[in-house]
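In: Predicted model follows, preceded by the sequence.
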Amino acid sequence: MRMETSDKILVDRAQAGDAVAFGQLLERHYDMILRLGYRMLGSQSLAEDLAQEVCCALPRKLGSFRGDAKFTTWLYRVTMNAAKDLLRKQKTRQNAQQGWGDMFAMQQQDANENARDRIWLAQAMKTLPVDLREVLVLTLTEDLSHAEASEVLGVPAGTISWRISEAKKHLRALAQSEETYP
Amino acid sequence: MSNQMDRLEKALKAATPDSNPDRKAEILAMAQKSFEASQETTPATRPIHRSAQNVTGIWTGVKNMMRSINLRPALYTTSALCVVGLAFILTQPVINNPGLPLGTLGQIAETKHDQRAENAAVADQQMVFSEPAIEQGLTKSGKQRTAIASSEMPLMAPAAILVQKRIYAEQDDFDASVKSQETFSNKAPNPLKIVGDEPVSTFSIDVDTAAYSYVRNSIESGVLPPVKSVRIEEMINYFPYDYPAPDAAKAPFSTSLSVFQTPWNPDTKLLHIGIQGVKADVENRPPLNLVFLIDTSGSMHNADKLPLLKQSFRLLLNTLRPTDKIAIVTYAGSAGTVLKPTAASHKAEILESLERLEAGGSTAGQAGLRQAYALAETMQAGNSIGRILLATDGDFNVGISDPDELKRFIEEKRDTGIYLSVFGFGNGNYRDDMMQSLAQNGNGVAAYIDTLSEAQKVMVDQVSGALFPIANDVKIQMEFNPALVAEYRLIGYETRALNREDFNNDAVDAGEIGAGHTVTAIYEITPVGSPAIKNKALRYQPETVSNQGPDEYGFLKLRYKVPGNAKSTLIATAIPAASGKPSQEAKFAAAIAGFGQLLTKSKYLSNWSWEQNIALANAGKGDDPYGYRAEAVQLMRLAKSLE
């Protein structure tokens, strides 16, 4: 059943100054922004900060959206860039303890059977370089093809494939160190 | 090594953020503000959807014209047109009160209902007046607004509504970020009346609750509601009250009265009138014929509209009986019957047609209504009750060039005995005025549904009662005794005022009470001799008030019709001049009255603060099994922080 106005129509309206359409557009994609932020940054509050930043900058940025890519592709790019900016800022702070690096919060958060997986995930994400991390988030959890991911990240498709194999190497190394220090 | 990747994929997918609706709402609101800000600085390229645009941009444009060199010709032209339109409205005499025709007075069955003994028991304490007197002059501010507000919005062209709305916005100085096409129906607050000049106050009861839900929605999204959206009686009547149950053999509802010191003014008193409808005999209720009239126009596609509507109707469906019948009519562009009258026992079939609904196209409200009424008429049989459940965001933008005609149509149909309930959904272009007008003229109720729990309350808890009306055209007339009461004012019910002569005229429509409903009305009265009297004696007018007569504040008369009966029944009761302690229920009702008046910045509240009001509400919270009252207290706290 046809339920929703297409993104394209909403974007057109929002670009023409329709606040309602803009609101609908955000409402529709907010969860994606938050989800992406969470997986890139590893904390609820950082992800929400990111969502706030992206949502508030969107009216300004929307003017530069030309409609040659899908809106979601463009929004993935905007969100990823903002997430990387935030990570960069985090690094320059001496006591950046939030996010995937914050093992303590991770352990406290969850004491059930999933806790082990989450700790492992935090470990893996923390050690993965950001450029590998973003490829994994897009291809593994957002189910983007290599071509789509290359469009979002603005790198050749070959680079995506190469980064995925690099990520595999990283994970293998992590698995080995796990065996050494269980 | 792919098992490592699988593990990562699984773990990453499991790592989903918690949904935090408050934070989300906050962020989205900030983004909207940012959007507005960006509109003011980017060049105006807005050839499409100007109507969906709010007027703020235009008015900001007007303000900026004076200093901005970069003029925008398009905006310029529009603004000029608006100003011309505005001048036209202001110079037009108010011609919207045609006066209701006086029908023949039917024979009126009078049943005396003696409540004096009860009332005396409730209120047997002495009145205490506290000195010193506080001299307070009556301010005449807002006079001009009153003049504008008394003209009915639906009579104006859409452009005029926009301009008007902006006038309110400017005058009431509400948050400029409220930008939408929402229009509200309310009049200026009831003024203080002098008993000597106008001893009789007449109004229709109101069981609508839409205003409260709207106020809540607004406060929860971080903006104080526009003053015009606050209809205090609807806020008070949103809550169920535990008034004494009626003796079903005597009358379909009970009336309890109490008088107590006004929380916000020690020198006045509140007269609290609580009406409790008899609980429905659910076992033996007559079968219902329901026609769902569903707006499927393009504007309904948001999650808080059509999808929520479907869920709400699904809830309702679960409470129906196999003997009840359901039909579904949709309207968008053209109207169509989606589901022919079907017994409620065929649940799968009904659910399936409900699921198939989709949003698209513009709204032809009237065509849909016509079809729904025609369908409901064919369903009438035996003692069944017919009701149309209209669900819409109120955006009748096509085929309704003349709202008056729509109103007339509904008034005509009212006499066929089919009821109309109006459910408002969604934010943004919610046309409160239109919904009010539909429900008030169609023997029905109006409610605003913003969440599933609200749907639960309205559709299931209340509508199961409302679907089964026990008294129609319920009117209240209060006559005050000038020997004991100097001044009075009715809190709320502005849109429900009736002329004095309408009370005995059975042809004049008024509100309905459904099974189990409670209705509350509150007067603030100033006793003779109180230092709070605002209107001092005049030099030339003779004092005509004699101190003779009964020791009563006033005389309350209630008229109602038993459903299906054209003649009304009268209930009358005197209000003894005594003051007591408020019951818990009365306290809470007073706190909600205070809440509404704080939101409308009522001049009668003097120094009454949010804290005091919250304390009062807490004192009246009582059992509160569904948490409605606790939620209200929470809203007051939020509203306080927004001021």
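Out: All right, it came through fine.

In: In terms of pLDDT, where does the closest residue to residue B:643 other than its chain neighbours sit?
Out: Spatially, and ignoring its direct neighbours in sequence, residue B:643 is nearest to residue B:224 (7.1 Å; Cβ to Cβ, 6 or more residues apart in numbering or on different chains). (Glycine included, C-beta is placed from N, CA and C.) Reading off the confidence values, residue B:224 has pLDDT 89.

In: Which strand or helix spans residue B:224?
Out: When elements are assigned from DSSP states H and E, residue B:224 belongs to no helix and no strand.

In: What of residue B:286?
Out: Mapping residue B:286 onto the secondary structure by DSSP H and E places it in no helix or strand at all.

In: tally of neighbours for it?
Out: When counting by other Cβ atoms under 10 Å in any protein chain shown, one arrives at 13 neighbours for residue B:286.

In: Could I get the contacting residues of it?
Out: Shown here is residue B:286, whose contacts under the criterion Cβ atoms under 8 Å, 6 or more residues apart in numbering or on different chains are B:382, B:383, B:384, B:385, B:468.

In: from those, which would you call buried?
Out: In terms of neighbour count (16 or more other Cβ atoms under 10 Å in any protein chain shown), the buried residues within the contacts of residue B:286 are B:385, B:468.

In: Switch the contacts of residue B:286 over to TSV; also include pLDDT.
Out: Conversion of the contacts of residue B:286 to TSV gives the following (pLDDT from 0 to 100):
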residue	pLDDT
B:382	79
B:383	79
B:384	82
B:385	82
B:468	72
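
In: Tell me the pLDDT of the closest residue to residue B:617 other than its chain neighbours.
Out: On the basis of Cβ to Cβ, 6+ apart, the spatially nearest residue to residue B:617 that is not a chain neighbour turns out to be residue B:591, at 3.7 Å. pLDDT recorded at residue B:591 is 96.

In: which residues touch residue B:591?
Out: Residue B:591 sits next to B:263, B:613, B:614, B:616, B:617, B:619, B:620, B:632 when contact means Cβ under 8 Å, 6+ apart.

In: try 10 Å this time
Out: Residues counted as contacts of residue B:591 (Cβ atoms under 10 Å, 6 or more residues apart in numbering or on different chains) are B:236, B:263, B:612-621, B:629, B:632-633, B:636.

In: related to what we said a few turns ago, take the contacts of residue B:286 and keep only those in strands.
Out: The subset of these located in strands under the criterion DSSP state E comprises residue B:385.

In: Report the two of the contacts of residue B:286 separated the most.
Out: Within the contacts of residue B:286, B:382 and B:468 form the most distant pair, 15.1 Å apart (Cβ to Cβ).

In: Number of residues surrounding the residue nearest to residue B:643?
Out: Number of residues near residue B:224 (other Cβ under 10 Å) recorded here: 20.

In: If I follow the layout properly, it ends up in contact with residue B:599?
Out: Yes. Applying Cβ atoms under 10 Å, one finds residue B:224 in contact with residue B:599, separated by 6.8 Å.

In: secondary structure class for residue B:553?
Out: Counting by DSSP: H, G, I helix; E, B strand; the rest coil, the backbone at residue B:553 sits in strand.

In: ok, how many other residues are close to it?
Out: Other residues within reach of residue B:553 by the criterion other Cβ under 10 Å amount to 28.

In: need the contact list for it.
Out: When contacts are taken as Cβ under 10 Å, 6+ apart, residue B:553 is in contact with B:123, B:195, B:257, B:259, B:269, B:271, B:478, B:480-481, B:483-485, B:488, B:523, B:525, B:527, B:574-579.

In: out of the residues you listed, which are buried?
Out: Buried among the contacts of residue B:553 by 16+ other Cβ under 10 Å: B:123, B:195, B:257, B:259, B:269, B:271, B:478, B:480-481, B:483-485, B:488, B:523, B:525, B:527, B:574-579.

In: Sort out for me which of those residues are in strands.
Out: The subset of those located in strands under the criterion DSSP E comprises B:257, B:259, B:269, B:271, B:478, B:480, B:485, B:488, B:523, B:525, B:527, B:574-576.

In: nearest to residue A:42, of these?
Out: When these are ranked by distance to residue A:42 (Cβ to Cβ), residue B:523 comes first, at 60.3 Å.

In: Quick check on residue B:424: phi, psi?
Out: Backbone dihedrals for residue B:424, given as degrees, to the nearest 10, come out at phi -90, psi 140.

In: wait, I meant residue B:539
Out: Reported as degrees, to the nearest 10, the phi and psi values for residue B:539 are phi -70, psi -40.

In: Can you give me the neighbour number for it?
Out: Counted with other Cβ under 10 Å, the neighbours of residue B:539 add up to 5.

In: how close does it get to residue A:28?
Out: The span separating residue B:539 from residue A:28 equals 69 Å under the rule Cβ to Cβ, to the nearest Å.

In: Can you show me the helices along the stretch 201-350 of chain B?
Out: Under the criterion DSSP state H, counting those that start in this stretch, the stretch 201-350 of chain B carries helices at the ranges B:210-220, B:232-236, B:306-317, B:347-356.

In: elements contacting the first one?
Out: Spelled out, that is helix B:210-220. The criterion is 3 or more Cβ pairs under 10 Å, 6 or more residues apart in numbering or on different chains; DSSP states H and E, and the helices and strands that helix B:210-220 contacts are helix B:21-41, helix B:232-236, strand B:418-425, helix B:432-441, strand B:446-449, helix B:452-455, helix B:584-599, helix B:628-642.

In: Could you tell me the least trusted of these?
Out: Taking the average pLDDT of each of the helices and strands packed on helix B:210-220, the minimum falls on helix B:432-441, with a mean of 69.

In: what's the pLDDT at the residue lying closest to residue B:555 once chain neighbours are set aside?
Out: Once flanking residues are discounted, residue B:555 sits nearest to residue B:479: 4.7 Å by Cβ to Cβ, 6+ apart. Note on residue B:479: pLDDT of 94.

In: right, and residue B:623 touches residue B:588 too?
Out: No. Taking Cβ under 10 Å as the contact criterion, residue B:623 and residue B:588 are not neighbours in contact, 11.1 Å apart.

In: Partner strands of the helix or strand where residue B:387 lies, with direction?
Out: The secondary structure element spanning residue B:387 is strand B:385-392 (assigned by DSSP H and E). Each strand pairing with strand B:385-392, determined using DSSP bridges, is listed with its direction: strand B:288-295 (parallel), strand B:418-425 (parallel).

In: Pipe the ones you listed into TSV and attach mean neighbour count per row.
Out: Conversion of those to TSV gives the following (neighbours: other Cβ atoms under 10 Å in any protein chain shown):
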stretch	mean neighbour count
strand B:288-295	26
strand B:418-425	26
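
In: Please convert the ones you listed to JSON lines, extending it with distance to residue B:313.
Out: Rendered in JSON lines, the data for these read as follows (distance: least, Cβ to Cβ, whole Å):
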{"stretch": "strand B:288-295", "distance to residue B:313": "6"}
{"stretch": "strand B:418-425", "distance to residue B:313": "9"}
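
In: And those strands: which comes nearest residue A:38?
Out: Nearest of the strands paired with strand B:385-392 to residue A:38, taken as Cβ to Cβ: strand B:418-425 at 30.9 Å.

In: helices and strands of chain A: which one bottoms out on pLDDT?
Out: None of the helices or strands of chain A scores lower by mean pLDDT, DSSP states H and E than helix A:103-109, at a mean of 48.

In: buried residues in stretch B:630-642?
Out: For stretch B:630-642, the neighbour count (16+ other Cβ under 10 Å) marks B:632, B:633, B:635, B:636, B:639 as buried.

In: Name all residues that make contact with the last one.
Out: Which is residue B:639. B:215, B:216, B:218, B:219, B:224, B:225, B:595, B:598, B:599, B:610, B:613, B:614.
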